[in-house]
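# attaching a predicted model along with its sequence, questions to come.
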Amino acid sequence: MRESGVQQGLCLVNAMHITASVFINDDESGLHHDYDRWLEQLAPHAPTSRYEHNRTGEDNADAHLKRQVMGREVIVAVTDGQLDLGTWEQVFYGEFDGRRRKRVLIKIIGE
Amino acid sequence: MRESGVQQGLCLVNAMHITASVFINDDESGLHHDYDRWLEQLAPHAPTSRYEHNRTGEDNADAHLKRQVMGREVIVAVTDGQLDLGTWEQVFYGEFDGRRRKRVLIKIIGE
Amino acid sequence: MRESGVQQGLCLVNAMHITASVFINDDESGLHHDYDRWLEQLAPHAPTSRYEHNRTGEDNADAHLKRQVMGREVIVAVTDGQLDLGTWEQVFYGEFDGRRRKRVLIKIIGE
């Protein structure tokens, strides 16, 4: 934010990997475990043969599904040069495949 | 929109609470009931002990999950000074905990 | 992108129908079949009587639910006049009702 010099605008933060998510929620470790367990129920990893995508030699089809639930990106308003977040809002990166280097794209526009 | 004077741009609308959602869909009360029932199946409120987050003294872990399905924010294009929505698109605020004052952030950028 | 002349900015792509989604993921047909099957498990089409929305004469309540999982819109950064996508990121349109003409809104802002 400081480097950009933007005072009023929008800040995009997105995962660059398709098995990962950038999302906003609470910074509470119990909740993060709940997300993991819940996503595993909604889109189980095993048996990996249940997914057609895994016939390509991958075993991470479930991660592509989990990421759709959690979302690829967030947009945060920039007000007076600061991220305009609610009291408990924190930006997180979630990786559902687990074998990737973590990279995010941050783009700030405004004036 | 009128106050902003923006003719061409983007309008961000986001929930400021992490158990709430801003989403776009149909203004039809039956559908809204369907969302409630469906989200309760995907992420049941009870038994509250199933969620680690609830050991912090909260009982709203399910609301944090439901909100991820529905999304935190929407971005609507601004064209000729108007929200550029599809025929049936309406912006809604969904609260899944039920005990919060409703606050949304609206940020419009453009020219 | 070329027509817009924008070098640095944001590109919004959104579905204009409320039973459809614009999402970013892998261009792999097996994965797309996995999405279809998974969404049908999360929000089955039949029996259509399970959804209140369908009492309005529609039979597509499930499509309104599926679209919330996949999302309405994506925002892609524009860098040096190009969509700034990760290696495997591709933008897709998903229609879950199947009887609509496909229309998307694309809005590019920046300079």
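That came through fine. Numbers count the residues shown, from 1 in each chain, chains lettered A, B, ... in the order given.
# C-alpha only now, for contacts and for neighbours.
Noted.
# OK, contacts around residue A:91?
With contact taken as C-alpha atoms under 8 Å, 6 or more residues apart in numbering or on different chains, residue A:91 is in contact with A:22-25.
# quick check: it vs residue A:45, distance?
According to C-alpha to C-alpha, to the nearest Å, residue A:91 and residue A:45 sit 25 Å apart.
# related to what we said a few turns ago, which one of the contacts of residue A:91 has the most neighbours?
With neighbours taken as other C-alpha atoms under 10 Å in any protein chain shown, the top of those is residue A:23, carrying 25 neighbours.
# once you drop chain neighbours, what's closest to that one?
residue A:92 (5.3 Å; C-alpha to C-alpha, 6 or more residues apart in numbering or on different chains).
# burial count for the closest residue to residue A:103 other than its chain neighbours?
Once flanking residues are discounted, residue A:103 sits nearest to residue A:16: 6.2 Å by C-alpha to C-alpha, 6+ apart. Other residues lying near residue A:16 total 21 when counted by other C-alpha under 10 Å.
# correct me if wrong: residue A:16 contacts residue C:85.
Yes - if you go by C-alpha atoms under 8 Å, residue A:16 and residue C:85 touch, sitting 7.0 Å apart.
# which residues are in contact with stretch A:14-26?
A:13, A:60, A:63-68, A:70-74, A:88-97, A:103-106, B:18, B:64, B:72, C:24-26, C:85-89.
# what's the ChimeraX syntax to select whichever of these are buried?
Those of the contacts of stretch A:14-26 that count as buried under 16 or more other C-alpha atoms under 10 Å in any protein chain shown are selected in ChimeraX with:
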select /A:13,60,63,64,65,66,67,68,70,71,72,73,74,89,91,93,94,95,96,97,104,105 /B:18,64,72 /C:24,25,26,85,86,89
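# restricted to helices, list the contacts of stretch A:14-26.
Judged by DSSP state H, the subset of the contacts of stretch A:14-26 located in helices is A:63-68, A:70, B:64.
# now, the most widely separated pair of these?
Largest separation among those by C-alpha to C-alpha: A:64 and B:64, giving 20.7 Å.
# list, one by one, the residues from chain A near chain B.
A:9-10, A:24-26, A:28-31, A:33-35, A:38, A:42, A:69-71, A:74-75, A:77, A:85-89, A:110 (C-alpha under 8 Å from any C-alpha of the partner chain).
# now do 6 Å
Neighbours of chain B within chain A, by C-alpha under 6 Å from any C-alpha of the partner chain: A:25, A:30-31, A:34, A:69-70, A:86.
# so which residues of chain A form strands?
Secondary structure of chain A (DSSP state E): strands at A:8-15, A:20-25, A:73-79, A:82-83, A:90-95, A:104-110.
# got those strands as TSV, with mean pLDDT columns?
Shown next, in TSV, are the strands of chain A (pLDDT from 0 to 100):
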stretch	mean pLDDT
strand A:8-15	98
strand A:20-25	98
strand A:73-79	98
strand A:82-83	98
strand A:90-95	97
strand A:104-110	97
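# okay, the ones you listed in a markdown table with distance to residue C:4 next?
Shown next, in a markdown table, are the strands of chain A (distance: least, C-alpha to C-alpha, whole Å):
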| stretch | distance to residue C:4 |
| --- | --- |
| strand A:8-15 | 19 |
| strand A:20-25 | 28 |
| strand A:73-79 | 22 |
| strand A:82-83 | 28 |
| strand A:90-95 | 31 |
| strand A:104-110 | 16 |
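# could you check how far residue A:41 is from residue A:65?
As judged by C-alpha to C-alpha, residue A:41 and residue A:65 stand 12 Å apart.
# list the buried residues of the biggest helix by length in chain A.
Ranked by number of residues, the top helix in chain A under DSSP H is helix A:29-42. In terms of neighbour count (16+ other C-alpha under 10 Å), helix A:29-42 has its buried residues at A:30-32, A:34-35, A:38-40, A:42.
# how big is the angle separating that helix from helix B:29-42?
When axes from the mean of the first three to the mean of the last three C-alpha atoms, to 10 degrees is applied, the directions of helix A:29-42 and helix B:29-42 differ by 100 degrees.
# tilt between helix A:29-42 and helix A:61-70?
In terms of direction (the same axes, to 10 degrees), helix A:29-42 departs from helix A:61-70 by 120 degrees.
# contact partners of helix A:29-42?
A:66, B:51-53 (C-alpha atoms under 6 Å, 6 or more residues apart in numbering or on different chains).
# what is the nearest of the residues you listed to residue B:81?
Checking those against residue B:81 with C-alpha to C-alpha, the nearest one is residue A:66 at 37.0 Å.
# chain A against chain C: which residues are in contact?
Those residues of chain A that sit near chain C, judged by C-alpha under 6 Å from any C-alpha, are A:16, A:18, A:51-53, A:68-69.
# send me stretch A:88-107 as PDB with only the CA atoms.
Presented in PDB, the C-alpha positions along stretch A:88-107 are these (Å, rounded to 0.1, in the frame of the first residue of the first chain):
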ATOM      1  CA  TRP A  88     -12.100  -8.900  12.100                       C
ATOM      2  CA  GLU A  89     -11.300  -9.100   8.400                       C
ATOM      3  CA  GLN A  90      -7.900 -10.600   7.600                       C
ATOM      4  CA  VAL A  91      -6.600 -11.700   4.100                       C
ATOM      5  CA  PHE A  92      -5.400 -15.300   3.900                       C
ATOM      6  CA  TYR A  93      -3.800 -17.600   1.300                       C
ATOM      7  CA  GLY A  94      -5.200 -21.100   1.300                       C
ATOM      8  CA  GLU A  95      -3.300 -23.900  -0.600                       C
ATOM      9  CA  PHE A  96      -5.300 -27.100  -1.100                       C
ATOM     10  CA  ASP A  97      -2.800 -29.100  -3.000                       C
ATOM     11  CA  GLY A  98       0.100 -28.500  -0.700                       C
ATOM     12  CA  ARG A  99       3.000 -28.900  -3.100                       C
ATOM     13  CA  ARG A 100       3.200 -25.400  -4.600                       C
ATOM     14  CA  ARG A 101       5.300 -22.400  -3.900                       C
ATOM     15  CA  LYS A 102       2.900 -19.700  -2.700                       C
ATOM     16  CA  ARG A 103       2.600 -16.700  -5.000                       C
ATOM     17  CA  VAL A 104       0.000 -14.000  -5.000                       C
ATOM     18  CA  LEU A 105      -0.700 -11.100  -7.300                       C
ATOM     19  CA  ILE A 106      -1.400  -7.800  -5.700                       C
ATOM     20  CA  LYS A 107      -2.700  -5.000  -7.900                       C
END
